[in-house]
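> dropping a prediction and its sequence here:
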Amino acid sequence: MQYEPAPPTPDTPTARRSPRALLARLESAGDRSGRVTHTEHLPARAARYSPWPQQLHPDVVAAVRERGVDRPYSHQAEAVGRALAGESVIVATGTASGKSLTYLAPVLDALLGPAVEGRAPTALYLAPTKALAADQARAVKELAAPLGTAVRHAVYDGDTPAEARAWARRYANFLLTNPDMLHRGLLPGHRRWTSFLRGLRYVVIDESHVYRGVFGSHVAQVLRRLRRLCAHYGAHPVFLLASATAAEPGLGASRLTGVDVGAVTDDGSPRGELAFALWEPPLTEAKGERGAPVRRSATAEAADLLCDLVGEEARTVAFVRSRRAAELIALIARERLDRRRGEAVSSYRGGYLPEERRALERALHSGELLGLAATNALELGVDIAGLDAVLIAGFPGTRASLWQQAGRAGRAGQGALAVMVARDDPLDTYLVHHPEALFRRPVEATVLDPANPYVLAPHLCAAADELPLTEADFSVFEASARDLTPKLTARGLLRRRGAAWYWTRRDRPSDLADIRGEGGPQVQVVEEATGRLLGTVDTAAAHTTVHEGAVHLHRGASYVVRSLDLGDHTALVEAAAPPWTTSARDTSEIAVLDTDLTEQWGASRMYLGSVEVTNQVVSYLRRRPVTGEILGEIKLDMPPRVLRTRAVWWTLTEDQVDEARLTPEILPGALHAAEHAAIGMLPLFATCDRWDIGGVSTALHPDTLLPTIFVHDGHPGGAGFAERGYHAARDWLAATRDAIAACECESGCPSCVQSPKCGNGNDPLHKRGAVRLLTVVLRGIAPPP
Ligand SMILES: Nc1ncnc2c1ncn2[C@@H]1O[C@H](COP(=O)(O)OP(=O)(O)OP(=O)(O)O)[C@@H](O)[C@H]1O
C-alpha cells in the first residue's frame, strides 16, 4: 500500500479544523474508504462555574485571576472548599480540566496563613516523575509571583545540587519531590526536616493513578511512613490527590494514603466536540508467517495520517506503544513532507535527555512543532492540551489510558479529532469492531495492595530505622504488620529491645525496597564514532531493543547497534539506515525450584512455590517498515535473563485431557487461552495489576511431566500475587471459566482469552478448549464446606 498524500483543500483554515471535516479529509485521500469502522461523536459540553469558597484567601483568588482564571469550574470550587474544611480529597476528572488549581489554591492559602503554635505552614507535592515536578515548579512560580516571599518553593530530587538542597531544607515551605526521594532521602533524614514536617498541612499527590500494582503498593507504604513521622512531630496533613478518570477513585485514594479520602468526579470544565474514530488499516499483498494475510502496520498508517494532518496545519500528537514506533513515524513524516512541514514534526519518548524533552514541549506549545510522535512518556501531566487531533496507534492497554490520550485533543470552544488506529493483532481488531467495548464500558479502577507482605516488610524495616517501631505503629501500617514484625526479628533484620523494634544493621534499610522494580542500571546508547550519548534504555528492555544488529532510531535519525556490552551497560551504535526494522524474538522457560504447598484436586494438582523463569532473546526479524513483511531472521547469542519468583501452577492428567476432548492439535491453544484468562482474572482476587504477573503454559512440562499452567509474579522474590491465587484458586478458576464461557465472541477476544502483552502474538489460542479444560479441573475440587 503506497502513501498517497491528500490533495490540498480550498477550505478556510477554521472549517478545515472541524473534526468531522478533518476526518472526512483523511478518509477521502487515496483509497481509504472502509477503514473507519466506527465514529463516536462526543458532544460539546458547556462549562459549569461556582464561586470560590468564602474562606479562600483573597490574595489567592487575585493571583489565580492574574493567571487568567476568573471563575472556578464547579469541581474546582467543590474540591477547594472540601480541602479548606480539612477533608482529604481526590479530584478525578478529565484531561486538562484544571486539576492543578484544586490543590494549588488550598496550598497557597495555607502558606499565606499564620504559624499555628509556632509551626510555620508547609506543603509537599509528589509527582511520579522528575520532569513533572519541574513542570509544576514553573507553574507554582508563575502563580505565586504576586504573593511575594510567602511561597518559597523548591524542587528536591536526585538531580538537586547540594547547595540547593541546603536551601530547600532551611527555607522552602513548598517542596516538590517524588516518592523515591521521600523513601531514600527525606524520610530517613527526617531529623533534618523537623520544622518542615512539623508544619505540614497538605500533601499533594499528582497523577495518582500512576501509583498502581507493586509500585503503587510501595508508594502506599512510603506515605504511611510519612504520616507516622508527621504524627510524631504533631502534624496531620490533609491529602489532595489529582488523578485521571478512574473507577472508584475515593476507594483507591484511601488505600493509597491510608486515610479516608472523598472523591470529586463531576467535571465542570468545558469540552469541545470530540469525534473519535476507530480505524482499521487495510490488508496488504504481503504474506506473514505461514502465509497468513498481513494488515498494514498501525505505525505506517499513523505516519500517513500524521502527514495528512500536519499538511492541514492541524496540531497533532500520535501516541504509539513503543519508542521505536515513535522514532519511525517521525522519520517517515519527515521524508514525506516538504521541508518546512517536515521540520515541524518530531518524536518524543522516554530515554531522551531532559533538556531535549523540555525543548520539544516548548516547541509544541508555541506551535513551532505541528506533529509529534510520542510514547506515553508524554502522557503524564505535561500540559499539551489544545491539540486539533490525536492519533492513537494501537490500543494503549486500558480504557483509562485511552481516554487520557484522547483527552489531549481539543481546545476550549473548538472541536477535535481522535483516531485509534488498530494494530494487526486480535485485541485491536476486536476493539475496532466492538466499539461498545471502548465507549460503553467504565474505565478501570486503580488496583494496589498495601498489605502485600513482600512490599510491607522492607518498609517496616525502614520505618524502624526512622523511629523505633512500637505496637502503636501497627495501626498506621497494615494489620499484617503485627505478624510480620516478629518474622523480621527472627530473620535478624529487626531487633527487639523492651517494647520497641530497632534497625541495628549498618546498611540502609531503604536499599531493601526497589520501589519501581527497575532491576539494575540503565544501558547507555553511545554513538561509536563520536562518543556522544544518545540516550538510555532500561536493562530489561536492552535485550530486545539494542541487541547487535538492532535498528535504533533516535530523534528521527537511524542507527544500527554494532555491539551491546551488558557488563559495561553500553550499546555502541553507528549512523546507518538499512531498509528494514528489527524485532526481537524470545523464548521463556520455567523451572520449579521448590514447592511450598500443594493440594490434590480430583485428578489435578495445584501447587504454590518458587520458580525460575528464564527468558532469552534468540533471534531478531528484519521486517519491511511499512508492510511488516519478514525479510529474514538472524540468530543472536544473548545471555538468558533469569527471574526467581513465586508461582502458582496446576496440572492435568492424560485422562482429564481426553475427558475435555483436547486433541494434541488444540491442547497447546487451550492451555495458553486458559493461562491468559487466568492472568486477566487474578487482579480480581489478588488486587494486583495484570502487568505485575506473567504466565507460561506447556503441554508437557519437564518438572511435572504433565500439561501445566503457571501464573507467576513478575517481580524478583515474588510479590504475593501467586500466593493469593493459590489460596483463592477455587473462586479464581471458576470466575476464569465463567468469564470465558459467558463471552459472546466466536473464537476468543480480549474480553476473554486474548492478552495485550502476549509474547507470542496470541498464538495459538483455543477458547472452547480452555472452557472444557477449566471445567474438568474444577470438577475435581470439593465444593466449599
Ligand atoms: N476555571 C478555569 N477557567 C479557565 N481556565 C482554566 C480554569 N482552570 C484551569 N484552567 C486552565 O486549564 C488548563 C489545564 O489546567 P491543568 O493543567 O491544571 O489541568 P489538569 O487537569 O491538571 O491536566 P492534566 O490532565 O494534564 O493533569 C490550564 O491552562 C489552566 O490555566
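Okay, I see it.
> can you name the residues of the chain sitting close to the ligand?
69, 71-73, 76, 95-101, 242, 381, 383, 385 (CB under 6 Å from any ligand atom). To be clear about C-beta, it is placed using only N, CA and C from the backbone, and glycine gets the same treatment.
> after the particular helix or strand that has residue 319 in it, next one along is what?
Assigned by DSSP states H and E, residue 319 falls within strand 316-320. Following strand 316-320 in sequence order, the next helix or strand is helix 323-336 (DSSP H and E).
> flag every buried residue along that next one.
In terms of neighbour count (16 or more other CB atoms under 10 Å), helix 323-336 has its buried residues at 323-334, 336.
> over to stretch 313-326?
Here stretch 313-326 shows 314-326 as buried, counting by 16+ other CB under 10 Å.
> just the strands in the stretch 201-350 of the chain please.
238-243, 262-264, 274-279, 283-287, 293-295, 316-320, 345-348 (DSSP state E, counting those that start in this stretch).
> oh, that last question was meant for the stretch 551-700 of the chain, not what I typed.
Counting by DSSP E, counting those that start in this stretch, the stretch 551-700 of the chain has strands at residues 551-554, 557-565, 570-575, 581-601, 604-623, 630-635, 641-651, 693-698.
> let's have these in CSV, adding mean pLDDT and mean neighbour count.
Output for the strands of the stretch 551-700 of the chain, formatted as CSV (pLDDT from 0 to 100; neighbours: other CB atoms under 10 Å):
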stretch, mean pLDDT, mean neighbour count
strand 551-554, 84, 22
strand 557-565, 91, 17
strand 570-575, 94, 19
strand 581-601, 90, 16
strand 604-623, 92, 19
strand 630-635, 88, 12
strand 641-651, 92, 22
strand 693-698, 92, 23
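> and residue 403, which of those is closest to it?
Comparison of the strands of the stretch 551-700 of the chain against residue 403 by CB to CB identifies strand 693-698 as nearest, at 24.6 Å.
> report the angle between that closest one and strand 641-651.
60 degrees (axes from the mean of the first three to the mean of the last three CA atoms, to 10 degrees).
> who does strand 693-698 pair up with?
strand 708-713 (antiparallel) (DSSP bridges).
> ok, then the element right after the partner strand?
In N-to-C order, the element after strand 708-713 by DSSP H and E is helix 721-727.
> show me what that next one is packed against.
On a contact count with 3 or more CB pairs under 8 Å, 6 or more residues apart in numbering; DSSP states H and E, helix 721-727 meets strand 604-623, strand 641-651, helix 667-686, strand 708-713.
> quick one: the helices in the stretch 301-450 of the chain, in order.
323-336, 339-342, 354-366, 399-406, 426-433, 435-439 (DSSP state H, counting those that start in this stretch).
> neighbouring contacts of the longest one?
If I follow you right, that is helix 323-336. 3, 5, 298-300, 302-303, 306-307, 310, 318, 320, 342-343, 345-351, 371-375, 393, 545, 551-558, 581, 625 (CB atoms under 8 Å, 6 or more residues apart in numbering).
> about what we covered before: can I get the strand holding residue 319 in PDB? Just the C-alpha atoms.
Backbone C-alpha positions of strand 316-320 (Å, rounded to 0.1, in the frame of the first residue of the first chain) are rendered in PDB as follows:
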ATOM      1  CA  THR A 316      -1.400  16.600  16.200                       C
ATOM      2  CA  VAL A 317       0.200  14.100  18.600                       C
ATOM      3  CA  ALA A 318       0.400  10.500  17.500                       C
ATOM      4  CA  PHE A 319       0.600   8.200  20.600                       C
ATOM      5  CA  VAL A 320       2.400   5.000  20.000                       C
END
